[in-house]
Each structure stands twice: as C-alpha cells, then as structure tokens.
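In: Predicted model and sequence follow; I will ask about them next.
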Amino acid sequence: MDKQTLSFQAEVKQILHLVTHSLYSNKEIFLRELVSNASDACDKLRFEALDNAALFEDQPNLEIRVWFDAEKKTITIRDNGIGMTAEEAVAHLGTIAKSGTREFMAKLEGDQKKDANLIGQFGVGFYSGFIVAERMTVETRRAGAEASQGVRWSSEGTGDFEVETIERAQRGTDVILHLREGEEEFLSAWKLKSIISKYSDHISLPVLMPKQKWDEEKKEQVTTDEWEPVNKAAALWTRPKSEVTDAQYQEFYKQISYDQEAPLAYTHNRVEGRTEYTQLLYVPAKAPFDLWNRDKRGGVKLYVKRVFIMDDAEALMPVYLRFVKGVIDSADLPLNVSRELLQESRDVKAIREGSTKKVLGMLEDVAENQKDKYAEFWKQFGAVLKEGIGEDFQNQERLAKLLRFASTTADEGVSLPDYVARMKEGQESIYYITADSLAAAKNSPQLEIFRKKGIEVLLLTDRVDEWMLSHLYEFDGKPLQSVAKGGVDLGKLQDEEEKKAAEATAEALKPLIDRLKGSLQDRAKDVRVTTRLVDSPACIVVDEGDMSGHLARMLKQAGQNAPASKPILEINAEHALIKRLDSAEGSERFDDLAHIVFDQAVLAEGGHLEDPAAYVRRVNSLLTA
C-alpha cells in the first residue's frame, strides 16, 4: 500500500483536543497508557495462540521494551504482541467506535468469555502520547503475516494521519514518540524507570530497558546493549493467597505505604459477582502525623486490570477509614476513570461498601482474637473510628461493638457488649459522662451516687465523643444516658424509701432553694436538691435537651458560638457547707456563699469561671470571717 493521508474521525479530534488540553493533568501517565496497551497486545496474542501456536513465530516469550534516543528526542515502546494489519491500524488508531478490544471481545463466544478478563481495553489511552509528543509514529506487523505486510502509521495529532506499507521482520508494535520542546525531562533512564516502577510495576509481563553502567572516561552513565527488567512483573494481589507468604504481604505494605513498621493486620480477597474486584487492604500499626486531616486523600491505590490509575482514591473508602492502606483492582471500571466518575459510579459504590465491610470484619477478628493488638489499634485510631458512628449508619451497629472506653471500673478497653453484660439487675440505661480528661471524668461529683451503688459509668474524653453521642442513642436496646443531664432517675436501682426521703428533704429545704434561686438567677436555670451527690456539696447539670458544658467549651475553643443556656445547680442537703448556707444570715453573706458553691460546682465539672477574681475575693472573705 502506498502512503495514504486519512482524516481522523470527528470523535478522535475531540479526544485529541481533550487529551492535550485538559483530560490528563499528570503528563507522565502517557507511559502508563502505552505500556498498558503493549501489555494488552501481548495478552491478545497469548489468547489467540491458544488455537494457533504458530502466531508466536520464533518469539515465544512475550515482553515490552522501552528506550529513548536523546539526540533524536524520541521514546520508543515496543511489544511483541498481536500487532496490526493496515486496515486494523486505520480502524483502531483513527476511530474510537472500533476499539481493538471491543472488536476482539465480539469474536468470543460461550465459555471463552470467562478467559477474556485478561484482555485490557484499547481505548483513548493511545492518544495520551500527544501530551508530550509533537508527532507519533507506529510501526507494526500482525502476528502470522508476512514481513512485507508491515505498517507505518504517523500523525502530528491534528486532523490527519498517514498510513503506508513497510517491510518489518518482527511481529508486534513499536510506538515512537517524537517529543515536543520542553519535554526533555523524559529523555532520562532514571525518569522512565521511576514512571514504569510507579505505574506499571505489576504488569504481568517483563518491561525491559537498556542497562546503564558508569563510564569512568566520560564520568557519566552510559547505555549498554544488555537489557534488564524494570518492573516486578507479578501483581501480588492477583496471586492466590496460598502462594503469598506473610513476609511478602508485609514487604508489599512497606512499599506502598512508605512505612517502616509491619502492618497491624491485612485482608486479601477476590470479589466476584455483579462487580468484580480484588482488594488487598492493610491497617497500619501506627497513626500517621496527618490522621486528623479529614481532607487528606485516602490511602488506597486504584488499579484497573492491573494498571495503576490513582494513588489516593478516597471514593473507595469512607473518611473514617482514611488510615487504611492498600490496593483495589477493578475488572469493570474504565482505564480513563476520573475522580468525578468515581464519586458517581454504582460499581465504585459497591466496591466501597464491600471494602468497608471487609475492613470492619478484619477489625472484629483482631478485637476478638488478639485483644492486646486491638488495644494498641484503639489507642492509635479509635477516635477516628468513632466518626463512623455518625457517617456510616449502615454499619453503625458493627462499629458500636468495636468502640472501646474507660469506665469507673477500668481505665481502658471497655466495650459496649462488656458493659451490658455486667449491668446490675434492674439497670435499664448505659450511663456515661463526658469530660476534658480522664482525671476530670473520674473525679466528677456527678459519679458519686453511681459509685455508692456500684453502677459502672463510661468515661468519655475524646473530642469526637460529644458528636458521636448525638448519633448513638442506644445499644442492644439500652438507651445511653449522660449522668450530667437531667435529674437522676436510677429506676429500679433506687428503692421507694430513698425516693420518699429525697422528696421530704426537698420539701424541707424549699425556703433555701427559693433563696438560692433568687441569688443565682443570672447564672442558674434552676436549683434543686439531688440524690446523686454523696461527698460533694453541689454539682451543675443541664436539662436533657440542652448542650453539655463540655461540648459548649469545645465549641468555644474552636471559635464557634455555643447556644446560650444556663446550667442547673443541684445541692447535697446532707453536706456541711449546704447546712451552713441554710443557716447564713444577711443577704450579702448568703450571696457570697451561694456564689462560692456555684463556682466550685463549675470548677468540679471542668468549666471555667467567668470572674475568677470575684471567686477568690469571696473565698478569702469566708476564710477570714
């Protein structure tokens, strides 16, 4: 065939414009796409040769070779795969409707389709070469064709391309990129090797480059005639689990995470069904420094048919599992998938849900069978996992079982199932308190009656706890109840005599309560006698629907305005200070004592005084009286 000049299909012209202007922001992926296409061509030959071994000719070993010529400013990607005829070159490189893979797949019938999952998609990736090239040349010959039936295709990526017949002894395809000005950075063995290692390390064929050696005379690296592989040529996650050792799993984790420590746990699965994908997911042993940056991209790498797509596919894992590292390799997603498409894809949603369940299952297994290891995980990542309670309603119950807390009987490691299992007979609620620190929680006066009756209370001190509790209302049918909200109602745990005694005391102290209400009207919403105190004179609580003092303080520290609400002062009628208050004569002295009692309750709860100087003055006055 003499040289012919043909026009690109209109859709190809649009693709070329997108490719060179906006489709790819990362220039180096042109090599990923072309190596991927070369791998596809080899896969096609391997498949066709099942019925016709003669197609291998005199080269049974399939491979890809990459090299550059600094003087000519060219990069060449060569494969010894299936190759193309002149008609195929025109059809495959000039139009999109007949992509090589679509045509190939159409020929497959019956059970052969199951074997075709090795065949990649020959899509628009070829045109990504024009990101760095001012001209592309393709020299190719179809396997089994005569040497005289070679084809040369070339184009500058504008409106036209040229096709002619050439003599070509070798089957397969050479893609030659003639680099444009300013792209000389790719004329480097180190640069090309690093790109191949990054994107194509797990292509199942060897990707070879000329070996470099140091020339003492020239004082520089020079290219030799010897070729060496630059990729590992075996995707770890595609191998059966039985063939991969624990040491290999750990080494792979270190490669993808840049972590020097072994992972805490990992899970490796192949999922088949409506959506097919392979997942190899790891939980690190230590939290990264940027764990609390919720805008940080995820740690899961996305591959499509073993071709690397992106480093940080956050759409594949919920934000509360942002510490998870690993690889997800989809058999269904397109190679040119974008972040926007990931957010909208039904396949991605299925992968996300399936991967989330696998990670939670892995954590459940560690929590059940390796309690010490799970305790370490909780120290590192527990506060982040709590975010899932409000973000992942579908898995809320599973997440709730994975939560761990300190309590009045243990400094750490108390699960909700543990708590429920040792609830006292007649106890109907799961009691908790939130505070700024474990010490503040342990020493809160609100706990006194619970300690006296031997009722366990969970101590919550993470900043995320208040937010989490706004989404977690109950567990195992037991409501979660703050000991610092509302009145104390211990239900069946409080006998009738105690209730009657409390009512009688409240009635007897009504005059004192009224005086306190008048004195603290600007600071307290209400004043009442309580049964929750044993050793302390008073405490402050909030109404059931009001914001806790702990949450209000956190919002203030974050520069946000908390809804204005006054706390309730509860007093211990048996305490000596309250009895002294009751006997205080003179309004000024009573007011001073009332404010001291209120301020002490605020401090005991972990709050801050609005007027510390006034508190000091009143205490000094009391001490010197």
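Out: Sure thing, it's come through. The shown structure was predicted, so the numbers you read here are calculated from the model rather than taken from an experiment.

In: Only C-alpha atoms from now on, for both contacts and neighbour counts.
Out: Noted.

In: all helices for the stretch 1-150 of the chain, in order.
Out: Along the stretch 1-150 of the chain, the segments classed as helices by DSSP state H, counting those that start in this stretch run 10-18, 29-48, 86-94, 100-107, 112-115.

In: If you could redo that for the stretch 201-350 of the chain, that was the one I meant.
Out: 246-257, 339-344, 346-369.

In: lowest-confidence stretch among those?
Out: Sorting those by mean pLDDT places helix 339-344 lowest, at a mean of 76.

In: re earlier: mind putting the helices of the stretch 201-350 of the chain into TSV with mean neighbour count and distance to S621?
Out: Compiled in TSV, the helices of the stretch 201-350 of the chain are given as follows (neighbours: other CA atoms under 10 Å; distance: least, CA to CA, whole Å):
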stretch	mean neighbour count	distance to S621
helix 246-257	16	63
helix 339-344	13	66
helix 346-369	17	56
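
In: Can you add distance to G486 and give the ones you listed back as JSON lines?
Out: What follows is the helices of the stretch 201-350 of the chain, written out as JSON lines (distance: least, CA to CA, whole Å):
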{"stretch": "helix 246-257", "distance to G486": "48"}
{"stretch": "helix 339-344", "distance to G486": "43"}
{"stretch": "helix 346-369", "distance to G486": "35"}
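
In: low-scoring stretches of the stretch 201-350 of the chain, by residue?
Out: For the stretch 201-350 of the chain, the stretches with pLDDT under 70 are 289-298, 336.

In: So which residues of it form strands?
Out: Using DSSP state E, counting those that start in this stretch, the strands of the stretch 201-350 of the chain run over 207-215, 220-229, 265-271, 277-283, 299-304, 307-310, 325-330.

In: With I351 as the reference, name the closest of these.
Out: Nearest of the strands of the stretch 201-350 of the chain to I351, taken as CA to CA: strand 277-283 at 7.5 Å.

In: Tell me the helices and strands packed up against the closest one.
Out: Helices and strands touching strand 277-283, by 3 or more CA pairs under 8 Å, 6 or more residues apart in numbering; DSSP states H and E, are strand 265-271, strand 325-330, helix 346-369.

In: Adding distance to Y303, write these out as a markdown table.
Out: Below are those laid out as a markdown table (distance: least, CA to CA, whole Å):
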| stretch | distance to Y303 |
| --- | --- |
| strand 265-271 | 14 |
| strand 325-330 | 4 |
| helix 346-369 | 12 |
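
In: so which of the ones you listed comes closest to R528?
Out: R528 sits nearest to helix 346-369 of all those, at 44.1 Å, using CA to CA.

In: now for that closest one, which elements pack on it?
Out: Using 3+ CA pairs under 8 Å, 6+ apart, helix 346-369 is in contact with strand 265-271, strand 277-283, helix 371-385, helix 396-402.

In: Need those in JSON lines (columns: mean neighbour count and distance to L62).
Out: Conversion of the helices and strands packed on helix 346-369 to JSON lines gives the following (neighbours: other CA under 10 Å; distance: least, CA to CA, whole Å):
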{"stretch": "strand 265-271", "mean neighbour count": "18", "distance to L62": "26"}
{"stretch": "strand 277-283", "mean neighbour count": "24", "distance to L62": "25"}
{"stretch": "helix 371-385", "mean neighbour count": "17", "distance to L62": "45"}
{"stretch": "helix 396-402", "mean neighbour count": "18", "distance to L62": "48"}
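
In: for these, which one sits closest to H471?
Out: Closest to H471 of the helices and strands packed on helix 346-369, according to CA to CA: helix 396-402, at 9.3 Å.

In: and the next element down the chain from the closest one?
Out: Counting by DSSP states H and E, the element after helix 396-402 in chain order, helix or strand, is strand 406-407.

In: and that next one, what's its mean pLDDT?
Out: Strand 406-407 shows a mean pLDDT of 95.

In: any idea how far P210 is from K218?
Out: To K218, P210 is 18 Å away according to CA to CA, to the nearest Å.

In: Neighbour count: those two, which is higher?
Out: Applying other CA atoms under 10 Å to P210 and K218 shows that P210 carries more neighbours, namely 19 against 8.

In: Pretty sure that one sits against W227.
Out: Yes. Under the criterion of CA atoms under 8 Å, P210 makes contact with W227 at 4.4 Å.

In: So which residues make contact with stretch 178-198?
Out: Stretch 178-198 has contacts (CA atoms under 8 Å, 6 or more residues apart in numbering) with 28, 31-32, 67-70, 72-75, 132-137, 209, 230-231.

In: any chance of the strands of the stretch 201-350 of the chain in CSV, plus distance to V464?
Out: Below are the strands of the stretch 201-350 of the chain laid out as CSV (distance: least, CA to CA, whole Å):
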stretch, distance to V464
strand 207-215, 49
strand 220-229, 49
strand 265-271, 25
strand 277-283, 21
strand 299-304, 22
strand 307-310, 31
strand 325-330, 23
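
In: Figure out which of those strands is closest to M362.
Out: That would be strand 265-271 among the strands of the stretch 201-350 of the chain, by CA to CA, at 6.7 Å.

In: name the helices or strands packed onto that closest one?
Out: Checked by 3+ CA pairs under 8 Å, 6+ apart, strand 265-271 has strand 277-283, helix 346-369 packed alongside it.

In: Can you say which of those is nearest to Q59?
Out: Proximity to Q59 (CA to CA) singles out strand 277-283 among the helices and strands packed on strand 265-271, at 31.9 Å.

In: domains for this protein, by residue range?
Out: 4-229, 236-370, 378-491, 493-623 (automatic domain parsing).

In: re the thing from before, and S39, which of the helices and strands packed on strand 265-271 is closest to it?
Out: For these, proximity to S39 was assessed by CA to CA; strand 277-283 is nearest, at 19.5 Å.

In: now the closest one against strand 325-330, angle please.
Out: Orientation check (axes from the mean of the first three to the mean of the last three CA atoms, to 10 degrees): strand 277-283 against strand 325-330 gives 170 degrees.

In: Return strand 277-283 as CSV; C-alpha atoms alone will do.
Out: Extracted C-alpha coordinates of strand 277-283, given in CSV (Å, rounded to 0.1, in the frame of the first residue of the first chain):
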residue,chain,number,x,y,z
TYR,A,277,-12.5,-6.7,42.0
THR,A,278,-9.6,-7.7,44.1
GLN,A,279,-8.7,-6.0,47.4
LEU,A,280,-5.6,-6.1,49.5
LEU,A,281,-6.1,-3.8,52.5
TYR,A,282,-3.9,-3.0,55.4
VAL,A,283,-4.4,-1.4,58.8
